[in-house]
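*Asks:* here is the input, now give the coordinates:
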Amino acid sequence: MGLKNEILNKHLTEDQIGIFYLGQVGFLMKFREKYVLIDGYLSDYVDQNCCSELVQWVRRYPAPITGDELDFVDYVFCTHAHYDHADPDTLSAIARVNPKARFVVPQAIVPVIEKYDIAGNRIQGVCTDKEYVLDEDISFTAIPSAHEELHPDGNGGYEEVGYRFAFGDVTLYHSGDCCMYDGLTERIMDTDILMLPINGRDYYRNRGDIIGCFDSVEALTLAKEAHCKMLIPTHFDLYDVNAVNPAYFVDCQQRINPAQRYHIFMPGEGFIYG
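*Replies:* Predicted coordinates for the structure are as follows:
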């Protein structure tokens with residue numbers, strides 16, 4: 001059975017969330033027969049278009065599902081305009097096969113998303129620190145992300161954001177690409193599930209125009225200070241040039257907060273929370 005059938009046939013209670021990992025920082029959430037995709041990168045667009053003399057992008061594994069298969073997704077979220085978060089091939093494929101899908105992005109990047117053969121009336125540009133209602137018992141708030149710094153868009157919003165969802169009584173925060181900044185802890189306090197990158201940053205990656213994120217120590221410290229119930233590390237496994245060994249994350253967890261619940265996903269793996 002392929003991943004699409006597994007997702008569609010996954011039986012959940014009214015209070016459970018099905019979480020499926022699609023690689024890099026991409027996840028698909030299922031809640032009460034509604035489907036939410038965030039940062040789905042399901043092609044090799046980066047490999048084909050972003051290599052340089054300093055950096056060669058080569059996927060370590062194929063996408064576990066394709067954009068052409070996502071004719072059932074209700075909402076498609078992007079955290080920012082980088083191609084492994086707002087993939088032109090994935091987004092245009094979903095728009096082509098799925099007329100009901102709505103695309104939710106930071107207001108600042110709406111013109112970028114419109115270039116991917118997606119009609120403007122299907123795209124919702126969102127501001128930060130404002131609650132939006134998606135559906136019955138599903139809402140979200142966009143939260144500024146620092147990648148590696150905060151980038152205001154000049155209109156009161158930010159070019160990079162994360163999303164704090166409420167699925168019924170369960171809250172989930174997906175940061176996209178993000179580093180720590182003053183005020184983030186307060187914005188996500190007492191969130192049940194945190195999805196945070198752990199690939200870190202350094203001089204040599206910056207030299208190759210690879211902008212960094214949290215490392216494992218920072219992600220685990222934030223989860224502890226924000227009283228997170230479960231931490232899901234992301235952004236560590238798809239590209240060798242920007243990867244880290246998740247064993248280091250586990251080592252840090254044992255030193256920083258041995259009581260911290262976490263789940264390290266394999267590509268295509270599903271997990272039921274609740």
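
*Asks:* in the sheet, who's paired with Tyr163?
*Replies:* Ala142, His174 (DSSP bridges).

*Asks:* now it: how far from Tyr61?
*Replies:* From Tyr163 across to Tyr61, the span is 25 Å (Cβ to Cβ, to the nearest Å). No exception for glycine: its C-beta is placed from N, CA and C like everyone else's.

*Asks:* settle it for me: which of those two has more neighbours?
*Replies:* The neighbour count for Tyr163 versus Tyr61, taken as other Cβ atoms under 10 Å, is higher for Tyr163 (24 against 11).

*Asks:* and stretch 173-184, which residues are buried?
*Replies:* Tyr173, His174, Ser175, Gly176, Asp177, Cys178, Cys179, Met180, Leu184 (16 or more other Cβ atoms under 10 Å).

*Asks:* so which strand or helix has Asp89?
*Replies:* Element membership for Asp89, per DSSP states H and E: helix 88-97.

*Asks:* report the buried residues of that helix.
*Replies:* So for helix 88-97, counting by 16+ other Cβ under 10 Å, buried means Pro88, Asp89, Thr90, Leu91, Ser92, Ala93, Ile94, Ala95, Val97.

*Asks:* so, low pLDDT: which residues of the chain?
*Replies:* 1 (pLDDT under 70).

*Asks:* ok, the buried residues of helix 88-97 vs Tyr35, which is closest?
*Replies:* Ile94 (11.2 Å; Cβ to Cβ).

*Asks:* do you know how far the closest one is from Ser52?
*Replies:* From Ile94 to Ser52 the distance is 28 Å (Cβ to Cβ).

*Asks:* please report how far the residue located most distally from the centre of the chain lies from Ala243.
*Replies:* What lies farthest from the middle of the chain is Glu53; by Cα atoms, centre = their mean that is 28.2 Å. Distance from Glu53 to Ala243, counting by Cβ to Cβ: 20 Å.

*Asks:* cool, His263 as well?
*Replies:* For His263, the distance to Ala243 - Cβ to Cβ - is 18 Å.

*Asks:* same deal with Leu22?
*Replies:* Distance from Leu22 to Ala243, by Cβ to Cβ: 16 Å.

*Asks:* those two: who's more crowded?
*Replies:* Leu22 (24 against 14).

*Asks:* quick one: what helix or strand has the closest residue to the more buried one other than its chain neighbours in it?
*Replies:* When the adjacent residues along the chain are set aside, Leu22 lies closest to Gly40, with 5.6 Å between them (Cβ to Cβ, 6 or more residues apart in numbering). Counting by DSSP H and E, no helix or strand carries Gly40.
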